[in-house]
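In: quick one: sequence plus predicted model below, questions after.
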Amino acid sequence: MTLRHSLLGFVATAKECNCIAITLGYVGVGLDRPKGRDGTETVPYKKGKIALSDYKKPMRMYLQSERFRQHRYEWKRTRVYALLGFLFLIGSVVLISFFRNKNVPNIAPPQVVISTGTFAQGDSLYSCLSEQGISPSEILTLKKLLDPIFDTRKCYPGDRYEIITSTSGVLEGFNYHPGPLDIYGVKKSTSGELIALHQKIPLEKRIIGLVGRIEASLYESMVQLGQSPELTMRFADIFAWQIDFLTEPRPGDTFKLIWEKFYKEGKEFSDGAILAAQYLGKEASHTAIIFEDPEGLRDYYTIKGESLRKEFLRSPLNYRRISSYFSYRRFHPILKYYRPHLGIDYAAPLGTPVVSIGDGVVSHVGRQGEYGRFVKIRHKNGYYSTYGHLSRYGRGIGTGAEVGQGQVVGYVGASGLATGPHLDFRLIRNGRFVNFLKIQIPAAESVKDRYRKEFEIRKREHLSQLGILSSYRSFPH
């Protein structure tokens, strides 16, 4: 087959495919073609020449044919259909999205219900949670989670709690507030498991200073300066063995103190420890410096390092009067006969706090015959103190518990054999009852020699702060 026959065959085939024909037609347009002897354009080839008219004619015939017009019409129609299909697809997506957002309601996150309560006398964790509809199995789960960080048996009257449940009744969390600074809680982790945690409420600590002058009494003077009665009593307790604030203060006496004050979210929250105190009176002057040694012993000392307190307090409570003294022959108001009364009865209102007279260890807690609710504490050097007729016990008081001087061990009541609210207090020394109002109470321990250097550093710091109080009421630490 010659080249011409091959080319014409190709062009003839191209009739059936307009895209190829159009391309070939375009290629041949505008090109400079060499001319033959008769003036017609030719396509150069190394073995001969082919006239362009030989393949232009079939192409022209196809372009002028009815079939080409039909193909062109079908192509236009196809493009229109494709455009309409694309627009329909876009419209469908928009409409579906619109109606989905309109008809499908927003799924709100699970709602929770927070129930709050306060422990009353005789309440337990189990009873409080049961009243709120928590199942025994959920209570047991809470107890197992909390026990490693908190003794759930020690829930005291006045403590607050929060129970968090879903609207379907599923337990989501629990918070227990034993005080204003601690939260023991259980909550769900990111994996959905219940976990226990202990949270400390952050507080800001500032060091505050105050100087004042006695006009009528220490109490009135400090309250007029905007201080709390509690802070006033703690100042008086520091010098309780040196000054009788009921009879000894004189107008014109001055007092100074520096102490810690805590702030919660920028607002005053509570007063902390008194760091140093000074009373300058006409009768005598006294200075107290707080110091805690590396062994954890914390006390108030004179500038010489001697303890300001005695081994025992002067009384175990703030009382109105002594209703019965130590006696080997006293007429009992209920039993109606004479018998020994080897203690002291302090008359006080029901619920008055009763404190331990000294550091020690609780040796007995519970009912003790005619003494009703009863606490017995073992002290150093063979001393024991007992507290009877209590209405209830102090927080954390149990057999074997260590107590500090001034720590609340119970509250005045009339349990046991009693005609009214009062405290039956007794002191035992080497197995024998002694008259607490007449014994010589030994002084508490002074600063140990091996800690004198640390004490001197702390003393100079606080004396310097006391020295500037004449000019400044308060200052930052």
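Out: Ah, there it is.
In: drop to CA atoms for contacts and neighbour counts, all remaining ones
Out: Noted.
In: okay, now the domains of this protein?
Out: The record's domain parsing of the chain by automatic domain parsing lists 3-64, 112-200, 204-309, 321-434.
In: distance between the ends of the second one?
Out: What that stands for is domain 112-200. End-to-end distance of domain 112-200 (C-alpha to C-alpha, to the nearest Å): 24 Å.
In: pick out the residue nearest the middle of this structure.
Out: Residue closest to the mean C-alpha point of the chain, counted by C-alpha atoms, centre = their mean, is Gln199 at 3.5 Å.
In: any idea which helix or strand carries the nearest residue to that one once chain neighbours are set aside?
Out: Distances taken as C-alpha to C-alpha, 6 or more residues apart in numbering place Ile183 nearest to Gln199, at 5.1 Å, with adjacent residues excluded. If you go by DSSP states H and E, Ile183 is part of strand 182-188.
In: list the buried residues in that strand.
Out: Along strand 182-188, these residues count as buried under the neighbour rule (16 or more other C-alpha atoms under 10 Å): 183-187.
In: could you work out the most separated pair of these?
Out: For those, the maximum inter-member distance is 12.0 Å, found between Ile183 and Lys187 (C-alpha to C-alpha).
In: still on that earlier bit, ok, the residue nearest to Gln199 - contacts?
Out: Contacts for Ile183 were tallied using C-alpha atoms under 8 Å, 6 or more residues apart in numbering; they are 175-177, 198-201.
In: point out the least confident member of those, please.
Out: Within the contacts of Ile183, pLDDT reaches its minimum at Ile201, with 81.
In: for the stretch 51-200 of the chain, which segments count as helices?
Out: Under the criterion DSSP state H, counting those that start in this stretch, the stretch 51-200 of the chain contains helices at 53-63, 66-103, 125-131, 136-146.
In: doesn't Leu463 belong to a helix?
Out: Yes - looking at Leu463 with DSSP: H, G, I helix; E, B strand; the rest coil, it is inside a helix.
In: for it, what are its contacts?
Out: Counted by C-alpha under 8 Å, 6+ apart, Leu463 has contacts Ala276.
In: what does Ser221 give?
Out: Applying C-alpha under 8 Å, 6+ apart, the residues near Ser221 are 212-215.
In: so where is this structure shaky, pLDDT-wise?
Out: Low-confidence segments of the chain, defined by pLDDT under 70: 1-68, 71, 98-110, 318-321, 323-339, 470-477.
In: circling back to that earlier point, any chance of the contacts of Ser221 in a markdown table, plus distance to Gln465?
Out: As requested, the contacts of Ser221 are exported to a markdown table (distance: C-alpha to C-alpha, whole Å):
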| residue | distance to Gln465 |
| --- | --- |
| Gly212 | 15 |
| Arg213 | 18 |
| Ile214 | 21 |
| Glu215 | 24 |
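In: buried subset of the residues you listed?
Out: 212-214.
In: tell me which stretches of the stretch 351-477 of the chain form strands.
Out: For the stretch 351-477 of the chain, strands defined by DSSP state E, counting those that start in this stretch occupy the ranges 353-355, 360-367, 373-378, 383-393, 402-403, 408-412, 422-429, 432-434.
In: returning to that earlier point: between the buried residues of strand 182-188, which is nearest Ser315?
Out: Using C-alpha to C-alpha, Ile183 comes nearest to Ser315 of those, at 34.8 Å.
In: related to what we said a few turns ago, what's the closest of the contacts of Ile183 to Ile397?
Out: Once C-alpha to C-alpha is applied, the member of those that ends up nearest Ile397 is His177, at 19.1 Å.
In: so how far is Pro353 from Tyr279?
Out: Distance from Tyr279 to Pro353, counting by C-alpha to C-alpha: 27 Å.
In: and Tyr126, what does it touch?
Out: Tyr126 sits next to Ile139 when contact means C-alpha under 8 Å, 6+ apart.
In: count of neighbours near the nearest residue to Arg458 once chain neighbours are set aside?
Out: Setting aside the residues directly before and after it, Arg458 is nearest to Phe291 in space (C-alpha to C-alpha, 6+ apart), at 7.2 Å. Phe291 has 22 neighbours, counted by other C-alpha atoms under 10 Å.
In: next: Leu84.
Out: Neighbour count of Leu84, defined by other C-alpha under 10 Å: 12.
In: ok, Glu445 to Tyr301 distance?
Out: Using C-alpha to C-alpha, Glu445 is found at 10 Å from Tyr301.
In: meant to ask about Asp253, not that
Out: Taking C-alpha to C-alpha as the measure, Asp253 falls 21 Å from Tyr301.
In: higher neighbour count, these two?
Out: Tyr301 (23 against 19).
In: coming back round to it: out of the domains of the chain, which is the most enclosed?
Out: Mean neighbour count, computed with mean count of other C-alpha atoms under 10 Å, is highest for domain 321-434 among the domains of the chain, reaching a mean of 19.
In: circling back: and of the buried residues of strand 182-188, the nearest to Ile90?
Out: Among those, Lys187 lies closest to Ile90 (C-alpha to C-alpha), at 47.6 Å.
In: show me the contacts for that closest one.
Out: Per C-alpha under 8 Å, 6+ apart, neighbours of Lys187: 172-174, 194-196.
In: measure the residue nearest to Gln199 to Arg153 for me?
Out: Counting by C-alpha to C-alpha, the gap from Ile183 to Arg153 is 16 Å.
In: got it, and Gly410?
Out: Where Arg153 is concerned, Gly410 sits at a distance of 18 Å (C-alpha to C-alpha).
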